[in-house]
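Student: Below are the sequence and a predicted model; questions follow.
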Amino acid sequence: MKKDQINALLAPSSIAIIGASATPGKIGYTVIKNLLDSKYSGNIYPVNPKDDEIQGLKNYKTLAEIPGEVEAAVIVVPAKFVSDVIDECGKKGIKGLIIITSGFSEVGDKALELEIVSKAHSYGMRILGPNIVGTLTNSTKLNASFAPYLPLPGKASLITQSGALLIAIDAISYTRGVGFEKLISIGNMSDVDFADLITWLDDDPNTSCISLYVEGFKDGRRFIEAVQKTNKPVIALKSGVSAHGAAAAASHTGSLAGSGKVYDAAFMQAGALRASDLNNLFDRTLALSLQPTMKGDNMLVLTNGGGVGVLATDAAEKYGVPLKFAPEDVQVELKKHMPDFGSAKNPVDMTGMAGTDWYYKTTLFSYGHKWVDGLVVLYCETAQTNPEEIAKSIRKAVDESGVKGKPITVSFVGGERSDKAMRWLVEQGVPAYNAPDLAVNAMAALREFHLLREMVGHKPRGTNLLDDKIARTIIAKARKEGRGALTEIESKQVFEAYGLPTAKTILSTTEEEAVSQAKKIGFPVVMKIVSPDILHKSDAGGVKVNIKDEAGVREAYNTILANALKYKATANIHGIAIQEMAPWGTETIIGSVNDATFGPTVMFGLGGIFVEVLKDVTFRVAPISESQAVKMLGEIRGAPILAGARGEAPRDRKALADVLSKYAAMIHELGDEIAETDANPVLVYEEGKGLKVVDARIILKTK
Ligand code: ADP
Ligand code: MG
């Protein structure tokens, strides 16, 4: 049923154009012209109240007059008439509404947009748009848009939130030689969103790769799930990362979440590749739509020029697939097809003397060799060689190798002849680029995508709690007292309930109690103010560390109380916490935010200046697998510190990853209650010695 409705939008067998016009230049004219020009084979029904005929087609005064069924309607009437038109469409039994008209939420009229969606749904119709250019499909020759022509045919389908960009990409597809099966303008995403379309495209036999231009999601988790379930590569160009999540945040983590890092995490977890810019989106789309993924780490580069070889080497390092020397047997064989001064290491430099035959033989051998997981063939145009012949020899070698499922990318650096040769290669299914780093980037994308998909297969960790009663009881008590945050003690109790190791902490309400508890815990101890009104305890003079004896406890007790009251005279003080003094370790921070788009999201970073000045943190949408947790530890710039920099022992990363994945499970499970959390600092010890959360903060959702 659901699929059917998307079908009506993307592959309709008949279309009515509501707001059809006989006046050239009007959108209601252009859409009909485009449907005719593209040679759409379904029935086209212009609808407007006055004309008898438009561009040789019979015009209908009303939808109801159209004989038989109509599957989709393209709506171009002004916004204020759209709602009534939807009633007519519903009565006619139309399934899909392609609403080109603008003037809805994008100009602030959210109410009108909600109204048309609920009305469409009441008739069982789905909406693409509003505020879109339309939708274009090569295989069915459907140009239901005001973009001038169908794109160059190809196997990629592109969904874009920017209509202007669709029209530009349509044109660039020809100049850049990157073909598309579909171009879909998604506009305001009032109803049909990225997830719906990705799910539909996953079953589309004409689409091998899905490219996205994304400004933002409404429901980030739906996107993640849709991409995770897709078998096809998804490549996303995301813009406008800085405006996201700018709202003031009560926790450290909250203030760091607005940097686009949450989107980075979401794409990664979904298993979607990123494009760095528009050109890169084309480059990667070309590679992913034409080539299989790269299954291992061994990339071999063939070249006739040392310079482009070095550029490729640099790019390989930069894009995460550093070159390794080929094994001896590979080198021996390759040596046969180059002069003495050539190099058979990697890059394999056949020198400027390389002609068609050497290209053929080295490609045939390398592509066929099991050590090679991905082959990049570079060529610098020379006076002695013909680029088209070189291109043919490469294609021939690939065919004759009999190898399947192994990627190849190519770069020809030269003039018009090289461009022509590359165009031919692309038509032959070999992605070709005019610079060596681009061919390497394309291969890196094929590798990255393979690794991303592997990670998607790893199951996220659950909490394994029989129930979450302890946490919910503590939260309910705080809510009953009208509080928006838990105290450190309460927060630690919640953490402990989820198996997170915290420094032992007891509340005392008198000086005598403090003394006896300090003795029980054992000196030295730490003492801290416990007040729901003082979230940042040090700022209020509310933390004393390394207290060595009874006299120290008494003094600290009174000083902390006095400081707290000086800081905030009306503060509600629960008492003073006596805490085990944790041995010093590497300071890290774990935290979480309940992101508006993605929900509970966990953060990790090194503490102190690393987080405060360098903002060296990484995020994941919760829950996460343990392998994602391990990946997070390696992702921060300060990762070498955890690995044991400057002769220090490596930190207990295993325990840290374990705690991180438990933490993510906790905030996911309590996602309905918790807005933000911080465990700052978490002290991490040497391998095998674990870690300790010494400060905890939980801020509740406002309900
Ligand atoms: P806040 O962040 O509210 O100011 P913390 O509880 O984080 O208060 O305490 C401030 C600092 O004191 C911590 O960053 C840490 O350096 C130190 N500290 C706090 N508790 C302990 C503890 N139990 N063991 C060792 N050091 C601690
Ligand atoms: Mg702290």
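Tutor: Yes, it's here. Numbering: from 1, shown residues only. Ligands and ions are numbered 1, 2, ... in the order given.

Student: what does this structure put close to ligand 2?
Tutor: Within the chain, the positions lying close to ligand 2 (Cβ under 5 Å from the ion) are Asn680, Asp695. In this view, the C-beta of every residue, glycine as well, is placed from N, C-alpha and C.

Student: Which residue lies closest in space to whichever residue of the chain sits closest to ligand 2, excluding its sequence neighbours?
Tutor: Going by Cβ to the ion, ligand 2 is nearest to Asp695 of the chain, at 3.5 Å. Excluding the flanking residues, the one nearest Asp695 by Cβ to Cβ, 6 or more residues apart in numbering is Asn680, at 5.6 Å.

Student: Surely the one you found is in a strand?
Tutor: Yes: according to DSSP: H, G, I helix; E, B strand; the rest coil, Asn680 belongs to a strand.

Student: Distance check, it against Gly591.
Tutor: 7 Å (Cβ to Cβ, to the nearest Å).

Student: Show me which of the two is the more surrounded one.
Tutor: Using other Cβ atoms under 10 Å as the criterion, Asn680 and Gly591 rank with Gly591 on top: 28 against 22.

Student: wait, isn't the more buried one in contact with Thr601?
Tutor: No: using Cβ atoms under 8 Å as the test, Gly591 is too far from Thr601 to be in contact (9.4 Å).

Student: per-residue confidence averaged over the longest helix belonging to the chain?
Tutor: Looking across the chain with DSSP state H, the single longest helix is helix 436-456. Confidence over helix 436-456 (mean pLDDT, whole number) is 96.

Student: C-terminal to that helix, what's the next element?
Tutor: Using DSSP states H and E, the next helix or strand after helix 436-456 towards the C-terminus is helix 469-480.

Student: burial of Gly414, as a residue count?
Tutor: Count around Gly414 with other Cβ under 10 Å applied: 16.

Student: Can you check the pLDDT for it?
Tutor: At Gly414, the pLDDT recorded in the model is 96.

Student: residues contacting it?
Tutor: Contacts for Gly414 (Cβ atoms under 8 Å, 6 or more residues apart in numbering) come out as Tyr379, Cys380, Glu381, Pro387.

Student: can you check Gln628 too?
Tutor: Going by Cβ under 8 Å, 6+ apart, Gln628 touches Gln269, Met455, His458, Pro460, Arg620, Ser661.

Student: who wins for neighbours among those?
Tutor: Of all the contacts of Gln628, the most densely surrounded is Arg620 (30 neighbours; neighbours counted as other Cβ under 10 Å).

Student: And for the strand or helix carrying that one, what's in contact with it?
Tutor: Here Arg620 sits within strand 617-621, counting by DSSP H and E. With Cβ under 8 Å, 6+ apart as the test, strand 617-621 has contacts from 220-221, 224, 253, 256-257, 261-262, 264-266, 269, 589, 595, 598-605, 611, 628-629, 632, 635-636, 664.

Student: about what we covered before: could you check how far the residue of the chain closest to ligand 2 is from Lys335?
Tutor: In terms of Cβ to Cβ, Asp695 sits 62 Å off from Lys335.

Student: Those two: which is more packed in?
Tutor: Asp695 (23 against 14).

Student: What residues does the stretch 601-703 of the chain have near ligand 1?
Tutor: Pro681, Val694, Asp695 (Cβ under 6 Å from any ligand atom).

Student: 8 Å instead, please
Tutor: For the stretch 601-703 of the chain, the contact set with ligand 1 under Cβ under 8 Å from any ligand atom comprises Gly607, Asn680, Pro681, Leu683, Lys692, Val694, Asp695, Arg697.

Student: Tell me the one among those residues nearest to Gly28.
Tutor: The shortest approach to Gly28 among these belongs to Arg697, at 57.8 Å (Cβ to Cβ).

Student: And the pLDDT for that closest one?
Tutor: 95.

Student: wait, it sits on Ile489?
Tutor: No: between Arg697 and Ile489 there is no contact under Cβ under 8 Å: 11.2 Å.

Student: Look at the two and report which has more neighbours.
Tutor: Set Arg697 next to Ile489 and count neighbours by other Cβ under 10 Å: Arg697 wins out with 23 against 19.

Student: I'd assumed that one was in a strand, is it?
Tutor: Yes: assessed with three-state DSSP, Arg697 lies in a strand.
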